[in-house]
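*Asks:* Just need the structure, nothing else, for what follows:
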Amino acid sequence: MIVPIDPGTVQAVLTQIRGAVSSVKDSGGVSNSTTANKVEGSDFASVLRKQLDETNKLQVQAKDLSKKFTLGDDSVNLSDVMIAYQKSMIATQTTVQMRNKLVTAYHDIMQMQI
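*Replies:* Sure thing, here's the model as predicted:
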């Protein structure tokens with residue numbers, strides 16, 4: 001049985017993606033009004049690429065801080081390491097959720113009757 005796509009569901013997914021993009025851009029110091037204008041003009045591939053780049057950057061930063069702390073660098077606190085690790089985990093979870101939404105939308109579109 002083929003289930004039609006609810007337009008409200010598509011809008012909810014787009015809203016979640018835009019929210020994830022704005023949270024990533026807000027961490028970089030970009031204002032909300034500028035972010036909203038850029039998101040509407042961006043394609044999904046560039047938004048996804050930015051999310052992946054940001055996630056990678058946070059993971060590398062957490063790994064570097066962890067390595068420095070483990071080696072006994074006095075300039076790195078345990079709290080800094082834990083905060084960097086948590087930011088990395090949240091970014092990873094956000095990226096996975098974006099991927100899940102994309103796969104779900106792809107399956108829904110592929111099951112549509114023409």
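*Asks:* which residues of the chain fall in strands?
*Replies:* With DSSP state E, there are no strands along the chain.
*Asks:* where do the helices sit along it?
*Replies:* 7-27, 32-41, 44-70, 78-110 (DSSP state H).
*Asks:* May I see the ones you listed organised as JSON lines, with mean neighbour count and mean pLDDT added?
*Replies:* The way it works is simple: take the backbone N, C-alpha and C, and place the C-beta from them, glycine included. Written out in JSON lines, the entries for the helices of the chain read as follows (neighbours: other Cβ atoms under 10 Å; pLDDT from 0 to 100):
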{"stretch": "helix 7-27", "mean neighbour count": "15", "mean pLDDT": "67"}
{"stretch": "helix 32-41", "mean neighbour count": "12", "mean pLDDT": "48"}
{"stretch": "helix 44-70", "mean neighbour count": "15", "mean pLDDT": "90"}
{"stretch": "helix 78-110", "mean neighbour count": "14", "mean pLDDT": "91"}
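*Asks:* Not counting its neighbours along the chain, what's nearest L78?
*Replies:* F69 (6.5 Å; Cβ to Cβ, 6 or more residues apart in numbering).
*Asks:* now swap in K87 and tell me
*Replies:* Per Cβ to Cβ, 6+ apart, closest to K87 is L58, 5.2 Å.
*Asks:* What distance do you get for that neighbour to T15?
*Replies:* Going from L58 to T15 by Cβ to Cβ, to the nearest Å gives 23 Å.
*Asks:* Next, S75: phi, psi?
*Replies:* phi -80, psi -10 (degrees, to the nearest 10).
*Asks:* any idea how far I90 is from L58?
*Replies:* I90 is 8 Å from L58, by Cβ to Cβ.
*Asks:* Now S75: closest residue in space, sequence neighbours ignored.
*Replies:* K68 (7.5 Å).
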